[in-house]
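S.K.: predicted coordinates and the sequence they were generated for:
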Protein chains: 2
Amino acid sequence: MNLKQLSHMLALSQTTVSRALNGYPEVNEETRRRVIDAAKRHGYRPNPSARRLATGKTGMIGYVLPTGTTVDIDPHFVEFLSGLGDYARSHELDLVLSPADADDQETTYRRIVANRQVDAVYISSPRPADRRVALVNTLGIPFIVHGRSEGFDFDYPFTDIDNEGAFHEAARLLVQLGHRRLALINGDDRETFAIHRERGVRRALAASGLLLRDQHVCSLTMTEENGYRAARRLLEQSDAPTAIACSSLIMALGVVRAVRDLGLTIPGDLSLIAHDDVFPWLKPENFSVPLSTTRSSIRLAGARIAERLAARISGLEEGARGEVWPVDLVVRGSVAGAPA
Amino acid sequence: MNLKQLSHMLALSQTTVSRALNGYPEVNEETRRRVIDAAKRHGYRPNPSARRLATGKTGMIGYVLPTGTTVDIDPHFVEFLSGLGDYARSHELDLVLSPADADDQETTYRRIVANRQVDAVYISSPRPADRRVALVNTLGIPFIVHGRSEGFDFDYPFTDIDNEGAFHEAARLLVQLGHRRLALINGDDRETFAIHRERGVRRALAASGLLLRDQHVCSLTMTEENGYRAARRLLEQSDAPTAIACSSLIMALGVVRAVRDLGLTIPGDLSLIAHDDVFPWLKPENFSVPLSTTRSSIRLAGARIAERLAARISGLEEGARGEVWPVDLVVRGSVAGAPA
DNA sequence: GGAGTCTTCCAAAGCGCTTTGGTGATTTTG
DNA sequence: CAAAATCACCAAAGCGCTTTGGAAGACTCC
């Protein structure tokens, strides 16, 4: 059932039927009702391929997926996707993932924009002066950055959490508890979020005249194994830290294992705070010692970004507004006063 | 730069240029070279919207993503996606995720097929007599099932791992080591993979005249918390098992925590084997006691399924061939003889 | 009652590609 | 050497929608 057939059985022109269906004003309300009714009765759905050829609109949002045999997709992606999907579903938006060589995403961005394959894109895990942001900005396709980049001479729309504030609060708490030697087990420090977290810790320490020493900062991809290695390295130093801020729950698993291997205890020998993106399958309160966290649901961020993308596509949102969400500090059993 | 312009500057018809570019035989090789050369030089890329309107081909594969505020996407999805993306990238295939109400995916399947939004789809986490499989089969779109359904009067193409064989081997090993009371911490037993795993365990036990008791089977979504709960329940029974087969590494985390909480040890009091889908961020050899596993890379499965989908789209593969991959049994420190 | 203004509808021209159905020119065949 | 086959190309008709540029009829207003 296509437009031609439908308009023929209604004894109307394709123009009128099309306009009736798309809510244009220049059609009699009575006629519109007839059309909508007939469309529903015959299960007419406009062919999206034809529509997009005519309008350029696709009803899809895009994401360039960095891939490669040595490239791992972040497990956070799934949770983000849950949120995005939640919103997208109720608005009949689809998401198209365009796999790209992790080292050359630009070609793919150019392709999907030139081909008008999607109405908008989002960018995740941005770095300072991220080329993708600059590119997408000049290409002129609606976009939202999940997280923040830095060092541009233009503004851009983003949704981020207050990573600096979160880790500042976490570190401040630890300092208040008497800790003098703090360590940070961070994610990949080429990404902005990691830089902001480190900044937050440093600022909190500085406020008490303390310093985050270089040998007390680890920056690694967020795996259990890397958490373990980092913790071993830190805790076997001569001036081992008495408290650790950790960028992910998965790494925290490794930290806990290292602590146990070394015959130490939490929070007796070591206080631990980790960032929790809220996975349904791994909860900080269920760690052997319930884990204090800075918490922010990455799933909600996904939904929010879908919402903003939809708003941009339909022209309801424009400009370069950035939003920064506060992060909750949730104190549980894994922190205590510094050992004597 | 579109076809019209390109053909005009070449002083050829659109027909010839189109055919030259698409490798049709009825064009002079010399001409073809000229055309291809000019196309490259001017960066001509056929508009996909126009092409799909004309041909019905989209260059995309589809996946209906079950969503809902209470629905969690399986973390395995990310790894699967890595593999899929790996293959898709090198073949310029995109993946479109269509979010759907988890309780009504059929509408979405019908939509994407009726609208010709994708060239092929894959189905994951199938159940016995899965309606999606039946639907997609009748709709006539190329598809591959990741996993297996059961109880149809038709065959269908799938790629699955030998879940039954894997858990049969795991259980057989445990029985050989003298274990008489085995338990199974399984995934959602409405899904075929879980049914197969249980079947494998039962068969191994039966071979030695043993039985898998009902109270020794747990079937839950695969979270750390559920692993913990299941293990507590099992180990606090009067006839607690001396060995557990567990369907996921994430649940195994919870099992280990439960064992520790109860003051027991692995493998002294309990032998443990879990299934490992091979996550880069959580490795069985790094468990406090290295975990024995049945191992199969879900990432490879993703790549394989992308490959098969591509083959089906281009007509290189047809028919209902199913393939079942063997699973490795990797023995590490978490298994030992049954306690006396 | 005729000029102007809405209202409501339509024919037809795109959007940019593929594919059908030819058409001359060249080569092969009996 | 005429007939048949092959080669290399083209004009135009789709694919199914949206949108432009009217146009007919109904209504208002002096």
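M.R.: Structure's in. What do you need?
S.K.: going forward, measure contacts between C-alpha atoms and count neighbours the same way
M.R.: Fine.
S.K.: now the strands: where do they sit in chain A?
M.R.: In chain A, the strands defined using DSSP state E lie at A:60-67, A:94-101, A:120-124, A:143-146, A:158-161, A:182-186, A:217-219, A:243-246, A:271-276, A:292-295, A:322-325, A:328-330.
S.K.: show the model's pLDDT score for the most centrally placed residue in chain A.
M.R.: In chain A, the residue lying closest to the centroid (Cα atoms, centre = their mean) is A:His146, at 4.7 Å. Looking at A:His146, its pLDDT is 98.
S.K.: from A:Val78, how far off is it?
M.R.: A:His146 sits 14 Å away from A:Val78, going by Cα to Cα, to the nearest Å.
S.K.: please name the nearest non-neighbouring residue to the residue in the stretch 151-300 of chain A that DNA strand D sits nearest to.
M.R.: Relative to DNA strand D, the nearest point of the stretch 151-300 of chain A is A:Pro157 (26.1 Å; Cα to the nearest atom of the strand). The spatially closest residue to A:Pro157, leaving aside those adjacent along the chain, is A:Ala320, at 4.2 Å (Cα to Cα, 6 or more residues apart in numbering or on different chains).
S.K.: re the thing from before, distance to DNA strand C for the strands of chain A - can I get that in a markdown table?
M.R.: Output for the strands of chain A, formatted as a markdown table (distance: least, Cα to the nearest atom of the strand, whole Å):
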| stretch | distance to DNA strand C |
| --- | --- |
| strand A:60-67 | 18 |
| strand A:94-101 | 20 |
| strand A:120-124 | 19 |
| strand A:143-146 | 22 |
| strand A:158-161 | 31 |
| strand A:182-186 | 47 |
| strand A:217-219 | 46 |
| strand A:243-246 | 51 |
| strand A:271-276 | 47 |
| strand A:292-295 | 47 |
| strand A:322-325 | 33 |
| strand A:328-330 | 49 |
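S.K.: who in chain A is up against DNA strand D?
M.R.: Within chain A, the positions near DNA strand D by Cα under 7 Å from any atom of the strand are A:2-4, A:14-16, A:18-19, A:22, A:45-48, A:50-51, A:53-55.
S.K.: switch the cut-off to 6 Å
M.R.: Neighbours of DNA strand D within chain A, by Cα under 6 Å from any atom of the strand: A:2-4, A:14-15, A:18-19, A:45-47, A:50-51, A:53-55.
S.K.: in helices, which of these fall?
M.R.: Mapping the residues of chain A next to DNA strand D onto helices (DSSP state H) picks out A:Leu3, A:Lys4, A:Gln14, A:Thr15, A:Ser18, A:Arg19, A:Ala50, A:Arg51, A:Leu53, A:Ala54, A:Thr55.
S.K.: the residues you listed: which two are farthest apart?
M.R.: A:Lys4 and A:Thr55 (17.9 Å; Cα to Cα).
S.K.: which one of those two is surrounded by more residues?
M.R.: A:Lys4 (15 against 9; other Cα atoms under 10 Å in any protein chain shown).
S.K.: now do the closest residue to chain B within the stretch 101-250 of chain A against A:Val289, distance only.
M.R.: Closest approach of the stretch 101-250 of chain A to chain B (Cα to the nearest Cα) occurs at A:Thr223, with a separation of 4.1 Å. Using Cα to Cα, A:Thr223 is found at 20 Å from A:Val289.
S.K.: so how far is A:Arg202 from the closest residue to A:Leu205 other than its chain neighbours?
M.R.: Once flanking residues are discounted, A:Leu205 sits nearest to A:Leu211: 5.8 Å by Cα to Cα, 6+ apart. The spacing between A:Leu211 and A:Arg202, counted by Cα to Cα, is 7 Å.
S.K.: who has more neighbours, these two?
M.R.: A:Arg202 (22 against 17).
S.K.: that one contacts A:Ser208, doesn't it?
M.R.: No: look at A:Arg202 against A:Ser208 with Cα atoms under 8 Å: they stay out of range, at 10.1 Å.
S.K.: hang on, the earlier thing: buried among the residues of chain A next to DNA strand D? Need that as a selection in PyMOL.
M.R.: Buried subset of those, written as a PyMOL selection, criterion 16 or more other Cα atoms under 10 Å in any protein chain shown:
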select buried, chain A and resi 3+14+18+19+47+53
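S.K.: tell me who's in contact with A:Ser247.
M.R.: Contact analysis of A:Ser247 by Cα atoms under 8 Å, 6 or more residues apart in numbering or on different chains lists A:Leu184, A:Ile185, A:Asn186, A:Gly187, A:Ala194, A:Met222, A:Ala274, A:His275.
S.K.: pLDDT at it, what is it?
M.R.: 98.
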